[in-house]
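**Q** Quick one, fold the following:
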Amino acid sequence: MSKMAKILIVDDEARALEALGRALQMMGYETVGVTDPKTAQDLLAKERYDIMIADLIMPEIDGIGILEHCKKVDPDLPVIILTGYGTVKTAVEAMRKGAFDYVTKPYNIDEIDLIIKRALQQKALLHENRLLRETLSQRFPFSAIISEDDAMKHILRQVQTLANTDSSVLITGESGTGKELIARALHYSGLRQNAPFVTIDCGGLTETILESEIFGHVKGAYTGAYTTKKGYLEAADGGTLFLDEIGELPYPLQKKLLRVIQEREFTRVGDTKALKTHIRILTATNKRLKGEVDSGRFREDLYYRLNVISLQIPPLRERLHDIPLLANYFIREFNMRLNKRVARITEEALGKMMNYSWPGNVRELRNIIEKTMNFEEDETITLKDLPEDIKNLKDSKHSFNRPFKEIKKEAVTHLSKDYIRGLLSIHKGNVSKAALKAQMDRGNFRKLMKRFNISAKEFR
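**A** Coordinates of the predicted model:
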């Protein structure tokens with residue numbers, strides 16, 4: 001990382017500036033040098049740097065002044081102060097105001113190199129910690145469930161109510177609607193949140209393998225069972241077992257699962273010893289499970305055990321308000337993952353998206369945004385960037401609750417809010433940079449933030 005680091009050097013003495021820049025370049029760093037602190041301020045608003053080195057004594061704006069400006073623009077940017085022997089006290093004061101370190105003149109270039117490496121390591125650690133916090137926050141559900149739909153809001157209120165119970169919940173809905181997110185919300189919002197959350201797809205494995213995966217097996221239970229293996233029931237003990245696509249569970253295993261629910265015990269494959277389990281069971285299906293019962297493919301007694309409480313997740317085509325919100329949420333996500341700077345999606349593109357049927361629901365929308373952003377070179381996603389079956393859609397073939405023209409104004413309002421949030425997210429809460437990117441006056445940008453009740457602090 002250090003050899004690719006981009007360093008901004010600010011020193012009003014041109015000869016000293018050139019000497020330091022040349023020395024650092026020979027060590028593999030990329031440097032930008034300026035003699036005017038005001039020019040440095042302009043550069044900080046437009047470009048990203050890994051380190052800034054600033055002389056303490058300069059006319060008009062000294063090292064302390066450029067440091068204070070820097071901390072407003074990019075709080076995470078490490079600043080190294082160059083100081084003479086007689087101004088060490090002032091340099092120490094600079095460190096109290098956020099400077100990473102200071103170097104006294106005449107300096108040793110190896111000493112500066114060592115300080116740069118330490119600063120880069122600290123910056124990398126801060127970045128890793130931020131990513132870790134973001135990863136951990138994704139475990140907790142409500143930040144990942146984006147919706148303005150009344151039906152979804154009602155479901156989320158139910159989730160909060162049910163989170164601290166052990167009742168079985170059957171989550172139904174089309175493929176891609178976010179059933180696993182709801183299951184995670186039930187787990188990570190409740191008393192079991194610090195215990196395991198284990199998920200298994202009942203439709204992805206053969207009956208024999210699925211039985212072994214869920215219940216475990218003992219050594220010699222069948223050909224190839226060379227060791228004893230714990231199953232998902234044991235792995236989830238104390239926590240939650242989420243059985244996705246429960247309608248695909250083979251009929252013979254349905255009776256064994258019923259015993260787990262009724263007796264709170266099970267046996268491994270090939271064993272006779274009963275093991276106790278203390279888990280909550282959540283299930284999901286995209287099938288009409290009652291129809292499976294009526295046709296004899298699913299046990300009626302198990303159905304009623306699983307369906308103590310049912311949550312029906314509406315498809316995306318019934319949640320028109322959520323399309324702009326989700327699209328911009330995924331734009332922010334892939335800006336970080338793909339190192340892109342996409343700031344918005346046009347109203348025209350959104351209009352087509354809101355007239356599309358979304359057979360793959362939220363998962364399909366996320367995939368389209370990811371695919372689009374992989375190839376996007378501009379800061380705006382337009383109609384031409386969308387898949388053919390969306391951009392060539394002339395008239396809506398589907399029956400929505402309200403026509404697009406009635407919700408257009410509200411959709412644009414949501415889009416504008418997400419546009420502002422997206423810019424602030426990209427620039428880590430730096431209002432000046434976000435306003436510059438939007439080509440807006442900083443005061444007007446702040447007015448929009450106030451209108452949408454957005455705080456820059458949440459992005460730092």
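**Q** Please work out how many residues are found near the nearest residue in space to K46 that is not next to it in sequence.
**A** Spatially, and ignoring its direct neighbours in sequence, K46 is nearest to L436 (7.1 Å; CB to CB, 6 or more residues apart in numbering). Bear in mind the C-beta positions are built from the backbone N, C-alpha and C, glycine included. The number of residues packed near L436 is 16, by other CB atoms under 10 Å.
**Q** what does D110 give?
**A** Other residues near D110 come to 10 when the count uses other CB under 10 Å.
**Q** got it, and K428?
**A** Using other CB under 10 Å, K428 is surrounded by 16 other residues.
**Q** mind checking pLDDT for it?
**A** On pLDDT, K428 comes in at 79.
**Q** N335 versus that one, what's the distance?
**A** The gap separating K428 from N335 is 12 Å, by CB to CB, to the nearest Å.
**Q** M27 now?
**A** 32 Å.
**Q** same question, G84
**A** G84 is 43 Å from N335, by CB to CB.
**Q** same check, this time on S432
**A** From S432 over to N335 (counting by CB to CB), the distance is 19 Å.
**Q** can you give me the strands for the stretch 351-460 of the chain?
**A** For the stretch 351-460 of the chain, applying DSSP state E, counting those that start in this stretch gives strands covering 380-381.
**Q** For the chain, name the helix or strand with the lowest mean pLDDT.
**A** helix 404-426 (a mean of 59; mean pLDDT, DSSP states H and E).
**Q** mind listing what S175 touches?
**A** N286, G360, N361, R363 (CB atoms under 8 Å, 6 or more residues apart in numbering).
**Q** Count the neighbours of the first one for me.
**A** Using other CB under 10 Å, the number of residues around N286 comes to 19.
**Q** how about the strands in the stretch 101-250 of the chain?
**A** Under DSSP E, counting those that start in this stretch, the stretch 101-250 of the chain gives strands at 101-104, 169-172, 197-201, 240-244.
**Q** of the ones you listed, which approaches I214 most closely?
**A** The closest of the strands of the stretch 101-250 of the chain to I214 is strand 197-201. By CB to CB, the value is 6.5 Å.
**Q** neighbours of the nearest residue to E300 once chain neighbours are set aside, just the number please.
**A** Leaving out its chain neighbours, the residue that sits closest to E300 by CB to CB, 6+ apart is V293, at 5.0 Å. Each residue near V293 was counted by other CB under 10 Å, and the total is 18.
**Q** Quickly note the distance from V293 to I214.
**A** From V293 to I214 the distance is 21 Å (CB to CB).
**Q** Ok, T285 next?
**A** From T285 over to I214 (counting by CB to CB), the distance is 16 Å.
**Q** can you check L424 too?
**A** 45 Å.
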